[in-house]
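Novice: Structure for the following, please:
(chains A and B)
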Amino acid sequence: MTTITTREPVEGQTVGAKKASGFTASAANYIDERTSISGAVKELGRKIFPDHWSFLLGEVALYSFVIILLSGSFLTFFFQASMAEVVYDGSFAPLKGIPMSAAMSSTMDISFDIRGGLLMRQVHHWAALLFVAAIGLHMLRIYFTGAFRKPRELNWVIGFVLFILAMAEGFTGYSLPDDLLSGNGLRIIDGLVKGIPVVGTWTSFLIFGGEFPGTDIVGRLYSLHILLLPAIIVALIAMHLLFVVVHKHTQYPAAGHTNQNVVGYPVLPVYAAKAGGFFFIVFGVVMLIASLFTINPIWNYGPYDPSPVSAGTQPDWYIGFADGAMRLIPPGWEFVWLNHTYSMNIVVVLAVVGLFIVTVMIYPFIEAWITGDNREHHVLDRPRNAPTRTAIGAAGVTFYASLWAAASSDIMATHFHLTMEGVIHTLQATTLLGPFLAFFIAKRVCLALQKKDREIVLHGYESGRIVRLPGGEFVEVHQPVDEYERWKLVSYSDFKPLMLRPNAQGKIGPAEKVRAGLSRWFFEDRITPVTQTELNQAHGDHPAEITDK
Amino acid sequence: MTTIKTPRARRPRKTGRRHPLASVALIAVGLLFTGGAYVAFSSSTAVATTDASSQQTIAQGEKLFAANCATCHGLSAQGSSEGPSLIGVGAASVDFQVGTGRMPMQMQGPQAQKKPVQFTAEQTAALAAYVASLAPGPAIPAAELLDAAGDAANGAELFRINCAMCHNVAGAGGALTEGKFAPAIENVSAQHIYEAMITGPQNMPVFNDMNISPEDKRDIITYLKYVEDNPSPGGLALGSLGPVAEGLFIWIFGLGAIVALTVWITAKSN
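Specialist: Prediction:
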């Protein structure tokens, strides 16, 4: 009895817990005693995530990837990654008796003779298109809100590498069925590779195991598509998410949102339920699209044969910008030197597209260097409050969109009753001049919006109510902006161009001069946020108090 | 039940026009009659086309030609600066151009476009007869080549090799240079498809019988009719335009729907 009484507090707790719930508690306890997981659950479960629709775009990409993994696993059960020639003998009459590769034949079987196969193929392909599109939109959100700033630069790079890998996954998958469309796509890649001076032909023979198309390429792409690339993507996604947890999520500027806090919902229970439910919503949308709309009808394209090329042959949308870049090159950019042909039409495309990709990837470092901003940022910028960055983004989007649109030049020509040449020449112009125009317009729009914000903070909204004062004076009463709104409008950091400062040796190096020049270009046009003094002044000489009466 | 049935059974057997089989016989006679009339009619139209050589039809065609075509093609179809000579183009060419509404041409442009047909079948036949009488040329194909009952697989392969680079693998059409285009081949009659192959209208090359045999042409028509008659197994085909239509769809409707749903999920309850 005495021993029991001394232990009473401890015993009482265990007994109480057992009473509260039987199996769940003991199971949780069992696991916790062996894994110490409660620490992680406590940490992650109370993790706060801010709520905004644009913060879910990355989740859409993640969920699309899960859908791709699930449907892709189903497809691997039936797909044969072999270019051995077989004679098709399935259900689709217009291909019966036609010789084709085992890859094409098994894809036809998946489409017509395996229960649910066509649906799974379409789910896989539509989810892939959605995957890359969601990544694209997610990246635009990150860029235009400045979410890539310190400490998130590395996560931007990881995300960008994921974008490139997603395109690689897409392209290798597009090429697997060995149908006419994918074969034509591979032929273009072959041409691109062969266009690289000196090593091109050797590299092409290395990739295809001999002269194009050979009998190796589908098997090789299959290894990349289902083994290497997904493994790297999964690892990078894990790192990407780990960084999100480590950095904490960014938030939009609003009352009470600072660089030291995160305002939102804890993961458990609200956010986990929302995010978990959202997975099924995304899955549902993909399922619906896949069950109603045809994608990649390989039965129309037929087996690959190097001689035919169909009108309207295009890559999937995410490769379109590279295809478009090649369509925009004017004819006659090849020359022969030392008995070698130099295809500048290919080299220029590779250089321009490569430069564009690298620039986007390292943009956070470029901007940090220009602005000299070493602070951590957890509150996002409203795009208007970073006019030059927004303008650069607009220019980049215009450039990409022009290349992208060029990939569908023939479809635009037929469907809008235009000439091919007209479409191409217009897009050549928008590719070269459009970015400058977009930069100028976007920057002016941002500055104008900032001026409007200033006006609203200082003088409130126009109410349209005219009041006559006792002295006979007429004034229009302005509705003052409330404190919450004002927080959003005034809380952004003001940058000034960097001062040129001599280094320890008392010299100003050329790099510093370039940096100062760029900094001036970045910040010379700016609207400073409203200060407290300005606010007091504005309200002092303005009868805003009347509205309260 | 039986009490009702017995009086009926007792009735005298009906004969003549009240015989139970009378309506069947009537239908049989009716079918025979309309069938016979149809045969008579179709053979009479066949006579009309074979009658193309008859002086009367040719004369009618010549009149129509003078009134509707001679402005550009010249009074004796010798051609002018506005239109090519029609001597030797054959009846098939006239039947295609006039029968699809391309001729008379609406306006000068990169190429003549399809529009509502302006002449009746009889008038078209007369015009064809007149042009065919000027010099020998490709004739209107025989009906057995147009029945779309050939080998679709062979037709599909020939179509991919010979036609798809302009018309798209599913016959959805495609762009050519300087505003010209290869039209979509949906809802084009077998006769017009065949005629297009043998006469090469607008920018299309001629696929003569040495190049693609009449049997192969029949197979190509079989494939096109198969595509037309069988809906896409995967659901709506988005115009059979390939990845551009798919990309546009996923960005506008797929991602559009997803973004709308994200807004819905994160909306504050009011």
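Novice: What's the separation between A:Asp113 and A:Phe92?
Specialist: To A:Phe92, A:Asp113 is 9 Å away according to CB to CB, to the nearest Å. Yep, even glycine has a C-beta here, placed from its N, CA and C like the rest.
Novice: same deal with B:Ala112?
Specialist: Counting by CB to CB, the separation of B:Ala112 from A:Phe92 is 36 Å.
Novice: biggest strand in chain A by residues?
Specialist: The strand spanning the most residues in chain A, taking DSSP state E as the definition, is strand A:461-468.
Novice: Starting from that one, tell me which strands it pairs with and how they run.
Specialist: Strand A:461-468 sits in its sheet next to strand A:474-479 (antiparallel), going by DSSP bridges.
Novice: what's the average pLDDT for the strand it pairs with?
Specialist: Average pLDDT, strand A:474-479: 87.
Novice: Please state the offset of that strand from the chain centre?
Specialist: In terms of CA atoms, centre = their mean, to the nearest Å, the centre of strand A:474-479 is found 46 Å from the chain centre.
Novice: sorry, back to before: neighbour-wise, which of A:Asp113 and A:Phe92 wins?
Specialist: Comparing A:Asp113 with A:Phe92 by other CB atoms under 10 Å in any protein chain shown, the one with more neighbours is A:Phe92, at 20 against 14.
Novice: Quick check: that one touching A:Met108?
Specialist: Yes. In terms of CB atoms under 8 Å, A:Phe92 counts as a neighbour of A:Met108; the distance is 6.2 Å.
Novice: burial count for A:Gly460?
Specialist: For A:Gly460, the neighbour count with other CB under 10 Å is 20.
Novice: How about the backbone phi and psi for it?
Specialist: Phi and psi for A:Gly460, reported as degrees, to the nearest 10, are phi 80, psi -170.
Novice: Go ahead and confirm it touches A:His478.
Specialist: Yes. In this structure, A:Gly460 is within contact of A:His478 by CB under 8 Å, at 3.7 Å.
Novice: Run a quick neighbour tally on the residue of the stretch 1-150 of chain B found nearest chain A.
Specialist: Closest approach between the stretch 1-150 of chain B and chain A, counting by CB to the nearest CB: B:Pro110, at 7.5 Å. The number of residues packed near B:Pro110 is 15, by other CB under 10 Å.
Novice: One more: A:Ala322?
Specialist: A:Ala322 has 22 neighbouring residues, counting by other CB under 10 Å.
Novice: roughly how far apart are it and chain B?
Specialist: According to CB to the nearest CB, to the nearest Å, A:Ala322 stands 13 Å off from chain B.
Novice: and if you look at A:Gly472?
Specialist: According to CB to the nearest CB, A:Gly472 stands 45 Å off from chain B.
Novice: got a list of what that residue touches?
Specialist: Contacts for A:Gly472 were tallied using CB atoms under 8 Å, 6 or more residues apart in numbering or on different chains; there are none.
Novice: and it, helix, strand or coil?
Specialist: Using DSSP: H, G, I helix; E, B strand; the rest coil, the structure places A:Gly472 in coil.
Novice: what residues are up against A:Trp447?
Specialist: Actually, residue A:447 is Leu rather than Trp. Going by CB under 8 Å, 6+ apart, A:Leu447 touches A:387, A:525-527.
Novice: Just the buried residues of those.
Specialist: Among the contacts of A:Leu447, those classed as buried by neighbour count (16 or more other CB atoms under 10 Å in any protein chain shown) are A:387, A:526-527.
Novice: Make TSV out of those and add pLDDT and distance to B:Ala175.
Specialist: Output for the buried ones among the contacts of A:Leu447, formatted as TSV (pLDDT from 0 to 100; distance: CB to CB, whole Å):
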residue	pLDDT	distance to B:Ala175
A:Pro387	94	40
A:Arg526	86	47
A:Ile527	88	47
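Novice: so which of the residues you listed comes closest to chain B?
Specialist: Ranked by distance to chain B (CB to the nearest CB), those are led by A:Pro387 at 25.3 Å.
Novice: How about the closest one, nearest residue that isn't a chain neighbour?
Specialist: A:Cys446 (3.6 Å; CB to CB, 6 or more residues apart in numbering or on different chains).
Novice: Next, count neighbours for that neighbour.
Specialist: 24.
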